[in-house]
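>>> the following block contains a protein sequence and its predicted model.
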Amino acid sequence: MLDINFIRENAELVKEAARKKRVVVDIDALLGLDEKRRNLIKEVDAFRAQQNAASEKIPQMTDEEREQTIAAMRDLKEELSQKEDTLKDTEDSYMRLMLLVPNIPDLSVPDGDSDADNAEVRAQGEKPQFGFQPKDHSALMQNLNLVDFERGAKVSGFRGYFLKGDAVLLSAALWQLAFELLARKGFTLHSAPALVRGITLVGTGWLPQGKDEVYKVEDDLYLAGTAEVSMMGMFEDEIIDGSMLPIKVAAFSPCYRSEAGSYGKDTKGLYRVHEFMKVEQVVLCRADHEESVRWHEELTKNAEEMLQALGLPYRVVVNCGADLGLGQVKKYDIETWIPSQKKYGETHSSSYFHDFQTRRLNIRYRDADGKLKFAHSLNNTMIATPRILISLLENYQQEDGSVLVPEVLRKWMGKERITKHET
RNA sequence: GGAGGAGUGGCCGAGUGGUUGAAGGCGCGGCUCUCGAAAAGCCGUAUACGGGAAACCGUAUCGUGAGUUCGAAUCUCACCUCCUCCGCCA
């Protein structure tokens, strides 16, 4: 959420931000409601001041005076409660619109209509040259008995899957590597809930506009698409000691995405699934743009280091306006090379929000000068399984259909090659 | 799931309808005293919104929401959270 004072003073900038993000929101209507709301507040406050002044005197009054005053206050009360109702309605409409106002994208964010307009920033790693026809991950995994899609769908429905055998060990090894790298960098490890309250999703900017993409279960509970949600919710309504910043957390959780709107997309394989596991990086830092930028680059670099350690070719793209979330100021996607498709596929998403999320969640800290400020928030994927297995298995596949295990993972895998096992 | 108990400021804790944003204490900040410190004393210490150049003024906030009342931390209802005991359970 943006500061209403900022919107009022920079209406054109906010409209341009909405345009760049391809978000439809009526800023003029919002400003109209804001003015109406503030006028009503003034009126209601004046009524209440009158009421409070009378209440203060009533105990000292003579019986006659008291009766008169109480009668007068009774009339005033009726008028007041009407105004209060109008104010409440106005504030509801105002808040509904406020929640749809996007954050301002950074100047370095390219204009564009879809992810096709994202711009490559850098590419790393050498793409493998195969002396044979490389298989895609589905074929590779089915041959090695690492996955069961048919029975996955039987049990879990469309996009359901079971991982098996070494694919499970490989996933666990990747989580281990992620934990190890992040712990070494001073991140506090968390296992985070995926089951979250609606208010937490509103606070992180996933709701209300994205409600089709989130699974809802009973009791106003939802299944979060990322641990960013619960890790941000963890600090909701808290005042953080400024000396504790930056707070760096690594959060492991299952993640759920309904993928509404992607019905026809990536229907085969493990690329787009409803349920997956992720180690996420989340940072809360001082409310300072330079600080946010510094951590954004840092979080991006952390994920790159992981991919470099795994020996996977990747590239970093800067996402265009239309491909930014409501609260994001800037985002880099990291895309990892998928040999069978001869293209890069998104495996990581690194973004910063300034105080967009913390304003909604009321996460503040006391600065050195004693002032309360909304912290800045950022997050990035460290590793998401099973999607990363696609690149990993395809890049490391051998002519005989086996797959080499990257050096760094061998200590957890206990083997250097994945070969076929029965059942 | 059943039966009890409790939610007040950074913390502890008083307060059962009328100048209570809230006693007292702790903590924190400033000052006095001191060569310095400790101790002691004095003063000050919430947040949000609205108005104002500012001083400051107004409003709201005692788990959350709704209600009763001229007036609610205090009364009523619903919900949430925590604690104790019983049951169940990975």
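All right, it came through fine.

>>> contacting residues around A:Phe353?
A:Phe353 makes contact with A:103, A:205, A:327-329, A:376-378, according to C-beta atoms under 8 Å, 6 or more residues apart in numbering. Any C-beta I mention is one placed from the backbone N, CA and C, and that applies to glycine too.

>>> so how many other residues sit close to the closest residue to RNA strand B within the stretch 151-300 of chain A?
Residue nearest to RNA strand B within the stretch 151-300 of chain A: A:Ile239 (6.7 Å; C-beta to the nearest atom of the strand). Taking other C-beta atoms under 10 Å as the neighbour definition, A:Ile239 ends up with a count of 13.

>>> partner residues bridging the residue found closest to it once you drop the neighbours it is linked to in the chain?
Sequence neighbours aside, A:Arg364 is the residue nearest to A:Ile239 in space, at 5.2 Å (criterion: C-beta to C-beta, 6 or more residues apart in numbering). According to DSSP bridges, the partner residues bridging A:Arg364 are A:Ile239, A:Phe374.

>>> surely A:Arg364 meets A:Asp355?
No - here A:Arg364 does not reach A:Asp355: they are 9.3 Å apart, not a contact under C-beta atoms under 8 Å.

>>> quick check, pLDDT for the residue nearest to A:Ile239.
At A:Arg364, the model reports a pLDDT of 88.

>>> that one and A:Ser81, how far apart?
Computed with C-beta to C-beta, to the nearest Å, the distance linking A:Arg364 and A:Ser81 is 33 Å.

>>> looking at the two, which has the bigger crowd around it?
Comparing A:Arg364 with A:Ser81 by neighbour count (other C-beta under 10 Å), the higher total belongs to A:Arg364, at 21 against 12.

>>> now do the helices in chain A.
Read by DSSP state H, chain A holds these helices, from start to end of the chain: A:4-9, A:11-21, A:27-57, A:63-98, A:137-143, A:149-156, A:166-184, A:198-204, A:227-233, A:289-310, A:356-361, A:387-395, A:410-413.

>>> returning to what we had before: and the contacts of A:Phe353, which of them are in strands?
With DSSP state E as the criterion, strands contain A:376-378 from among those.

>>> would TSV of those residues with pLDDT and distance to A:Glu65 be doable?
Putting the ones in strands among the contacts of A:Phe353 into TSV (pLDDT from 0 to 100; distance: C-beta to C-beta, whole Å) gives the following:
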residue	pLDDT	distance to A:Glu65
A:His376	95	57
A:Ser377	96	57
A:Leu378	97	62
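
>>> need the residues you listed in CSV (columns: neighbour count).
Formatted as CSV, these follow (neighbours: other C-beta atoms under 10 Å):
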residue, neighbour count
A:His376, 29
A:Ser377, 29
A:Leu378, 30
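
>>> residue contacts, A:Leu40?
Going by C-beta under 8 Å, 6+ apart, A:Leu40 touches A:83, A:86-87, A:90.

>>> how about the residues of chain A that lie near RNA strand B?
On the criterion C-beta under 7 Å from any atom of the strand, RNA strand B has as its neighbours in chain A the residues A:4-5, A:38, A:41-42, A:44-46, A:48-49, A:51-56, A:58-59, A:70, A:73-74, A:77, A:239, A:372.

>>> of the residues you listed, buried ones?
Neighbour-count burial (16 or more other C-beta atoms under 10 Å) applied to the residues of chain A next to RNA strand B gives A:4, A:44.

>>> wait, A:Lys185 touches A:Lys248, no?
Yes - taking contacts as C-beta under 8 Å, A:Lys185 lies within contact range of A:Lys248: 7.4 Å.

>>> what score does the residue of the stretch 301-423 of chain A found nearest RNA strand B have for pLDDT?
Among the residues of the stretch 301-423 of chain A, A:Leu372 lies nearest to RNA strand B; the distance is 4.6 Å by C-beta to the nearest atom of the strand. The confidence metric pLDDT takes the value 84 at A:Leu372.

>>> which residue packs closest to A:Ala29, ignoring adjacent ones?
For A:Ala29, ignoring the flanking residues on the chain, the nearest one in space by C-beta to C-beta, 6+ apart is A:Leu97 at 6.5 Å.

>>> tell me what the helix or strand bottoming out on mean pLDDT in chain A is packed against?
Ranking every helix and strand in chain A by mean pLDDT, DSSP states H and E puts strand A:239-241 at the bottom, with a mean of 83. Using 3 or more C-beta pairs under 8 Å, 6 or more residues apart in numbering; DSSP states H and E as the contact criterion, the neighbours of strand A:239-241 among helices and strands are strand A:364-366.

>>> distance of the residue of the stretch 301-423 of chain A closest to RNA strand B relative to A:Phe356?
Taking C-beta to C-beta as the measure, A:Leu372 and A:Phe356 are separated by 17 Å.

>>> contacting residues around the residue of the stretch 151-300 of chain A closest to RNA strand B?
Contact criterion C-beta under 8 Å, 6+ apart gives A:364-366, A:372 as the residues in contact with A:Ile239.

>>> so where's the stretch 301-423 of chain A shaky on pLDDT?
Per-residue confidence for the stretch 301-423 of chain A (pLDDT under 70) gives these ranges: A:422-423.

>>> what are the buried residues along stretch A:103-121?
Residues of stretch A:103-121 classed as buried by neighbour count (16+ other C-beta under 10 Å): A:103-106, A:109-110, A:112, A:118.

>>> could those residues go into CSV alongside pLDDT?
Listed next are the buried residues of stretch A:103-121 as CSV, based on pLDDT from 0 to 100:
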residue, pLDDT
A:Asn103, 97
A:Ile104, 97
A:Pro105, 98
A:Asp106, 98
A:Val109, 98
A:Pro110, 97
A:Gly112, 97
A:Asn118, 97
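
>>> which among those residues gets closest to A:Gly210?
Proximity of the buried residues of stretch A:103-121 to A:Gly210 (C-beta to C-beta) peaks at A:Asn103, which lies at 14.5 Å.

>>> nearest residue to the closest one other than its sequence neighbours?
The nearest residue in space to A:Asn103 (C-beta to C-beta, 6+ apart) is A:Phe356, at 4.3 Å.

>>> so how far is A:Gln51 from that neighbour?
Where A:Gln51 is concerned, A:Phe356 sits at a distance of 38 Å (C-beta to C-beta).

>>> A:Lys42 too?
Applying C-beta to C-beta, the value for A:Lys42 to A:Gln51 is 15 Å.
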